[in-house]
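Student: what would the 3D arrangement of this be:
(2 chains, ligands or ions: 2)
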Amino acid sequence: MTAKKRPPTTICVASGKGGVGKTSLSVNLAYALVKSGSRVLLVDGDLGLANVDLLLGIPIKQTIRNLLDESGNPQDSLVFPIENLGILPATSGVPEMVTLGPDEQSRLNGFIEDLAVGFDFVILDTAAGIGPSVLWFNRQALYNIVVLTPDPTSITDAYALMKVMARQHPKNAFFTILNAVANEREGRKVYNNLQQVVSQFLSMELELLGTIPADPAVNRAVKAQTPFIQSEPECPAGMAVSTIAAKIEKWGK
Amino acid sequence: MNLLEEKQPDCPTDKNTCPLQDRIRRLEEKCKELEALSQVDALTGFFNYRYLMNALEQEMERTRRTGVPASLIMGDLDYFKRINDTYGHENGNLVLKTTAGIWRSNLRRIDIPCRYGGEEFVFILPGTRLPQAIQTAERLRRSLEKSPLSLDGKPIVLTGSFGVTGIVQDQDMTSGSIIETADQLVLRAKSNGRNRVCYDTYSSIAESTGVRDEEKNLLLGTDRPTKQKR
Ligand SMILES: Nc1ncnc2c1ncn2[C@@H]1O[C@H](COP(=O)(O)OP(=O)(O)OP(=O)(O)O)[C@@H](O)[C@H]1O
Ligand SMILES: [Mg+2]
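Tutor: Ligands and ions are numbered 1, 2, ... in the order given. Here you go, the predicted model:
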């Protein structure tokens, strides 16, 4: 890996409500970016219920939790399922609503910064909710992607998350991905309402990165533990992810 | 069954031993026995579906009245079909029975363990908030994973996928919707790789972060009269 001069572009993926497709999108976006020539570090920031490793069926050596508890060598914990895609796994099956102490936060930050050297993008996949770790990961990122579905709870929770983030660390803009939509029109409609409320009440810009259709290929891929962008690149969700990845690629330029 | 609580009628002929009274007593005992049987799943000793639905309604009513939350865990054995196909139904039943035994010993006496059907189990946790219920589900998950079973001389590690959801004071909540939510969470646990616990993230974050009705209505487009047909 050759070190680049410019630091990597850090992107955080969050949602408020759980189960809306953050992990699935993070993984597939990472693969899409790698496919078009970028080097990507994917951080499993779901410290409570990690699942990036399971989505890919990769064995994990060392997790973020181990790193913080035992202070090993961060490089040892990176897993490379394919060339130019590094994954920093979290820990699995400990749903204790993990919080990071200030010490751990700054150490984790240091680890990620060290690991990120040489990558073009760092994608932070976060937990559901608006817990401290979710907000912390969002603060570390230059770009904040909020994933939501047309489900009313998902819409209001996504907005709640943005409201909390806007209060804590004002930024210029949020980026949204409308996932599991029946069609583009449904996605646009949800986005339009959201955009209006974000602009009116939070005085922030909201940009739609894209909509992704509800697609059985996504679940098929989950079961097969392989990204759909690899196994079925032509599936509707795959095409949508590729379009979004092309936009994100420009952030790194 | 009020019949059982009714006071014993006096012997009409005032005798010390009364065949009629004896008969009634025996019938009453039989009746109690049958009542217990009608609530229990024979294989696992857990409560059955019918009892579950009654108990759930009761817990919801308690929560509605007192505001004290309760929780519900749904647990599903992973790859149970495979076990049945590979080792036969006898062994499949043994697996269910063993699992039930392991889980029972990890619950409190006030918890209500039920067999929902097939390899699916539901636990009602009265007076229990979600975070605590998540810990319980995690305990159930771990206890099963840690107790490998020997089938046909082969050690088999059993695992389960769990969904945990809260029973709270909410007008829209029905027993059906609670079960449905738990079911969805189990599906998510399965699709995230099995042998894990998924839970409701406090059904609405929006409530706790002060998203106002004004914002909500605009977000959901509910401020204007809806044109939907009924
Ligand atoms: N576009 C889609 N079409 C159909 N199913 C989808 C789509 N996106 C995600 N799913 C399904 O939704 C489920 C949840 O996805 P995923 O685990 O990626 O969500 P998440 O937001 O990371 O969840 P969590 O909050 O638990 O981390 C998976 O079963 C996945 O297959
Ligand atoms: Mg996830």
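Student: what are the ranges of the helices in chain A?
Tutor: A:22-35, A:52-56, A:64-70, A:74-77, A:102-116, A:132-140, A:152-168, A:184-202, A:216-224, A:228-231, A:236-251 (DSSP state H).
Student: so is the longest one next to ligand 1?
Tutor: No. Counting by CB under 6 Å from any ligand atom, ligand 1 has no neighbours in helix A:184-202; the shortest distance is 10.8 Å. Yep, even glycine has a C-beta here, placed from its N, CA and C like the rest.
Student: show me what that helix packs onto, helices and strands only.
Tutor: On a contact count with 3 or more CB pairs under 8 Å, 6 or more residues apart in numbering or on different chains; DSSP states H and E, helix A:184-202 meets helix A:152-168, strand A:173-181, strand A:205-213, helix B:213-220.
Student: buried set for it?
Tutor: Using 16 or more other CB atoms under 10 Å in any protein chain shown as the test for burial, helix A:184-202 gives A:E186, A:G187, A:V190, A:Y191, A:N193, A:L194, A:Q195, A:V197, A:V198, A:F201, A:L202.
Student: can you list contacts of that helix?
Tutor: Helix A:184-202 is touched from outside by A:148, A:150, A:155, A:158-159, A:162-163, A:166, A:174, A:176, A:178, A:181, A:204-206, A:208, A:211, B:215, B:218-221, with contacts defined as CB atoms under 8 Å, 6 or more residues apart in numbering or on different chains.
Student: 6 Å instead, please
Tutor: A:P150, A:A166, A:L178, A:V181, A:M204, A:L206, A:L208, A:T211, B:E215, B:L218, B:L219, B:G221 (CB atoms under 6 Å, 6 or more residues apart in numbering or on different chains).
Student: can you check the last one too?
Tutor: Contact partners of helix A:236-251, identified using CB under 6 Å, 6+ apart, comprise A:9, A:28-29, A:32-33, A:209-210, A:212-213, A:215, A:217-218, A:228-229, A:232.
Student: do that again at 7 Å, thanks
Tutor: Residues from elsewhere that reach helix A:236-251, judged by CB atoms under 7 Å, 6 or more residues apart in numbering or on different chains: A:9, A:11, A:28-29, A:32-33, A:36, A:38, A:143, A:177, A:209-213, A:215, A:217-218, A:228-229, A:232.
Student: ok, and which of those reach ligand 1?
Tutor: Applying CB under 6 Å from any ligand atom to the contacts of helix A:236-251, one finds that A:I212, A:D215, A:V218 fall near ligand 1.
Student: what's around the residue of chain B found nearest chain A, how many residues?
Tutor: Using CB to the nearest CB, B:G193 is the residue of chain B that sits closest to chain A, at 3.1 Å. Counted with other CB atoms under 10 Å in any protein chain shown, residues neighbouring B:G193 total 20.
Student: return the distance of it relative to ligand 1.
Tutor: When distance is defined by CB to the nearest ligand atom, to the nearest Å, B:G193 is 10 Å away from ligand 1.
Student: measure A:N193 to ligand 1 for me?
Tutor: Look at A:N193 and ligand 1: by CB to the nearest ligand atom, they are 20 Å apart.
Student: just A:I11 next, same as before
Tutor: Separation of A:I11 from ligand 1 (CB to the nearest ligand atom): 15 Å.
Student: highest neighbour count among the ones next to ligand 1 among the contacts of helix A:236-251?
Tutor: Using other CB under 10 Å as the neighbour criterion, A:I212 leads these with 28 neighbours.
Student: out of the contacts of helix A:184-202, who's nearest ligand 2?
Tutor: Ligand 2 lies nearest to A:L178 out of these, by CB to the ion, at 17.3 Å.
Student: show the pLDDT at the closest residue to that closest one other than its chain neighbours.
Tutor: Spatial nearest neighbour of A:L178, chain neighbours left out: A:G187 (3.8 Å); criterion: CB to CB, 6 or more residues apart in numbering or on different chains. Per-residue pLDDT puts A:G187 at 96.
Student: now do A:M1
Tutor: Looking at A:M1, its pLDDT is 48.
Student: what do you get for B:K15?
Tutor: pLDDT recorded at B:K15 is 73.
Student: looking at this, it is in a helix?
Tutor: No. B:K15 is assigned coil when assessed by DSSP: H, G, I helix; E, B strand; the rest coil, not a helix.
Student: assumed B:G163 was part of a helix.
Tutor: No. Applying three-state DSSP, one finds B:G163 to be strand, outside a helix.
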